[in-house]
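Participant: this is the structure alone, sequence omitted:
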């Protein structure tokens, strides 16, 4: 079975695929650049369209729609099981690009809020330490919520030891995130 349970990839797909209503040209191009065949691109776009609500839920809170997210993962797994070896390899490339894009987006938002580069790298490391736990909890809403809370607690504990400038910047970053959530 392919590692499509990676929550970060689904979050990335959500943020990339459905800013509002449609799978845009940038998303299509990223799929093509990953090496997917035209048929696979069409299939992935169709899967994304069928799971629009789950993708939107992922943008705001991964624990919101676990049933929808599991259905999305099931459909992606079904696609990958029937895909050519070429398209299966393209998925791995796509997954790596999406993870990079997702992490880069967080880094950019933190930098924009004034968080120092060293603090950003430490926060990313904390996230990586929780990756296994988050993956394991992805099918259980309560476990996922607990895993996210543990991640948040570890980041908050780190921030409490950071410089006053990073603490203030982190507060600004959190306010920016809350403002974006309010818009969705």
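Facilitator: Yep, it's here. Here the structure is a predicted model, which is why all the values come from computation and not from measurement.
Participant: what residues sit buried inside the helix or strand that contains residue 76?
Facilitator: For residue 76, the host element (DSSP states H and E) is helix 66-82. Using 16 or more other Cβ atoms under 10 Å as the test for burial, helix 66-82 gives 66, 68-69, 72-73, 75-76, 79-80. In this view, the C-beta of every residue, glycine as well, is placed from N, C-alpha and C.
Participant: with stretch 30-48 instead?
Facilitator: Buried residues in stretch 30-48, counted by 16+ other Cβ under 10 Å: 30-31, 34, 36, 40-41, 43-45, 47-48.
Participant: what's the closest of the buried residues of helix 66-82 to residue 149?
Facilitator: Nearest to residue 149 among the buried residues of helix 66-82, counting by Cβ to Cβ, is residue 66 at 15.6 Å.
Participant: what's the distance between the helix or strand containing residue 96 and the middle of its chain?
Facilitator: Element membership for residue 96 (DSSP H and E) is helix 85-112. Chain-centre distance of helix 85-112: 9 Å, with Cα atoms, centre = their mean, to the nearest Å.
Participant: same deal with stretch 114-121?
Facilitator: For stretch 114-121, the separation from the chain centroid amounts to 20 Å (computed by Cα atoms, centre = their mean).
Participant: ok, residues contacting it?
Facilitator: For stretch 114-121, contacts defined as Cβ atoms under 8 Å, 6 or more residues apart in numbering pick out 107, 110-111, 123, 158-159, 162-163, 165-166, 168-170, 172-173.
Participant: mind redoing it with 10 Å?
Facilitator: Here stretch 114-121 makes contact (Cβ atoms under 10 Å, 6 or more residues apart in numbering) with 103, 106-111, 122-123, 158-159, 162-163, 165-173.
Participant: in that stretch, what's buried?
Facilitator: Neighbour-count burial for stretch 114-121 [16+ other Cβ under 10 Å]: 115, 119-120.
Participant: how about low-confidence regions in the protein?
Facilitator: Applying pLDDT under 70 to the chain flags the ranges 1-24, 54-66, 139, 181-184.
Participant: ok, back up a step: may I see the buried residues of the helix holding residue 96?
Facilitator: Applying 16+ other Cβ under 10 Å to helix 85-112 flags 87, 90-91, 94-95, 97-98, 102-103, 107, 110 as buried.
Participant: specify which member of those is nearest to residue 145.
Facilitator: Using Cβ to Cβ, the buried residues of helix 85-112 come closest to residue 145 at residue 102, 20.1 Å.
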